[in-house]
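S.K.: Sequence below, structure please.
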Amino acid sequence: MTESDFNSDFSVSTRYWHAIDKERVQCDLCPRYCKLKPGQRGLCFIRANINNAIVLTSYGRSSGFCVDPIEKKPLNHFLPGTPVFSFGTAGCNLSCKFCQNWDISKSREIDTLADNASPLQIANKAAELGCRSVAFTYNDPVIFHEYAIEVAKACHQQDIKTVAVTAGYICPEPRVEFFHHMDAANVDLKAFSEDFYVHMTGSHLQPVLDTLIYLKQKTDVWVELTTLLIPGKNDSAEEVDAMTRWVVNNLGTEVPMHFTSYHPDYKVLDIPSTPFQTLTAARDIAVKNGIRYAYTGNVHDKKGESTYCHSCGEVVIGRDWYVLSEWNLNAAGECRNCGTRCSGVFESAPGTWGAKRLPVRMAG
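M.R.: From the prediction side, this is the model:
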């Protein structure tokens, strides 16, 4: 591929790179540190060396827009019941063999970026549709860093919150800028072993842990964690125990953890779907180790989907898939039974979006 193959209409300059020599530049956005000759793309696909500088080649282009329930991100403690305007681009900076969104995140086709929208258009459309937030999702938003930030700025001008659904694989300097513009994040903590990260995702564990500690200690971003449990790979009781202890010791007891069910996909087709018992066992371990809000996901499990008061044990938010079935918080987010505050970002009343999914066309 040559420089003339890139469409300059959707390319913008970036900050996080440096020249190695006369022929190569290094991208410094994520710990992959891709070293690129002119015309080459990084592993993420959408950042490339054009004229000896790293540019984002997909600014203003998306793989599609959709209004989802916020619980689908999954975020259970951030504006429950409300609709979130969701979109992503092509590509990813990880190489997960089990990717459940591989048709988007592993795409190497410009045609995947079929819908165009400026940051202002996205904010306006979200407001028009009554969305309380916009989510950068489907693939990892850190790779479209500049686009996501400009969308976030436009959203905040209209009092619309922003959500990053991310693996947290980003370098320290761009991490500060990126999360400065986010109100909430669901971080995919894929496992708790370096071996899993290296062999199953093509990345490393420590940068993700660093991101989580940064979010907890240096920002006001509301954070929830998701771990896709894959049988025989990252689902042992010992690993879940170590992971949840680390979360309690480094992030605290109030960070919600979602243990979700894997299904065979992409390059991992020989491992069966996660047994229900594995998910409930992981949830039990998390609760035993002090996690106040632990959930099961990608399965129908009213008990594992619902939120309980950590003081009196009563259901404060009942869920049936993505539908809120009970709401026992007062306007201040306190348990109506005992008055204990439930951690999260709540409005005076829950949303009523339910499980609806609304595809949105922005262009044409």
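
S.K.: how about low-confidence regions in this protein?
M.R.: Residues of the chain that meet the criterion pLDDT under 70 lie in 1-10, 101-114, 363-364.

S.K.: Please enumerate the helices of it.
M.R.: Assignment of helices within the chain using DSSP state H yields the ranges 102-105, 119-128, 145-156, 172-180, 194-196, 206-218, 237-250, 276-288, 302-305.

S.K.: Nearest to residue 139, out of these?
M.R.: Comparison of the helices of the chain against residue 139 by C-beta to C-beta identifies helix 102-105 as nearest, at 4.0 Å. Any C-beta I mention is one placed from the backbone N, CA and C, and that applies to glycine too.

S.K.: Most tightly packed of the helices of the chain?
M.R.: Comparing these by mean neighbour count (mean count of other C-beta atoms under 10 Å), helix 145-156 comes out on top with a mean of 22.

S.K.: So which residues make contact with it?
M.R.: 12, 14, 16, 29, 56, 58-60, 89, 119-120, 122-123, 126, 133-134, 136, 141-142, 161-162, 164, 174, 177-178, 181-182 (C-beta atoms under 8 Å, 6 or more residues apart in numbering).

S.K.: Could I get the helices of the chain in CSV, plus columns for distance to residue 313?
M.R.: Below are those laid out as CSV (distance: least, C-beta to C-beta, whole Å):
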stretch, distance to residue 313
helix 102-105, 39
helix 119-128, 37
helix 145-156, 37
helix 172-180, 34
helix 194-196, 34
helix 206-218, 26
helix 237-250, 19
helix 276-288, 11
helix 302-305, 12
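
S.K.: so which of the ones you listed gets nearest residue 315?
M.R.: helix 302-305 (9.3 Å).

S.K.: so what does that closest one touch, helix or strand wise?
M.R.: Helix 302-305 is packed against helix 276-288, strand 294-297, strand 315-320, with contacts defined by 3 or more C-beta pairs under 8 Å, 6 or more residues apart in numbering; DSSP states H and E.

S.K.: residues making contact with it?
M.R.: 279, 280, 283, 295, 296, 297, 318, 319, 320, 321, 325.

S.K.: could those residues go into JSON lines alongside distance to residue 157?
M.R.: Output for the contacts of helix 302-305, formatted as JSON lines (distance: C-beta to C-beta, whole Å):
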{"residue": "279", "distance to residue 157": "40"}
{"residue": "280", "distance to residue 157": "43"}
{"residue": "283", "distance to residue 157": "39"}
{"residue": "295", "distance to residue 157": "33"}
{"residue": "296", "distance to residue 157": "37"}
{"residue": "297", "distance to residue 157": "33"}
{"residue": "318", "distance to residue 157": "35"}
{"residue": "319", "distance to residue 157": "32"}
{"residue": "320", "distance to residue 157": "36"}
{"residue": "321", "distance to residue 157": "34"}
{"residue": "325", "distance to residue 157": "35"}
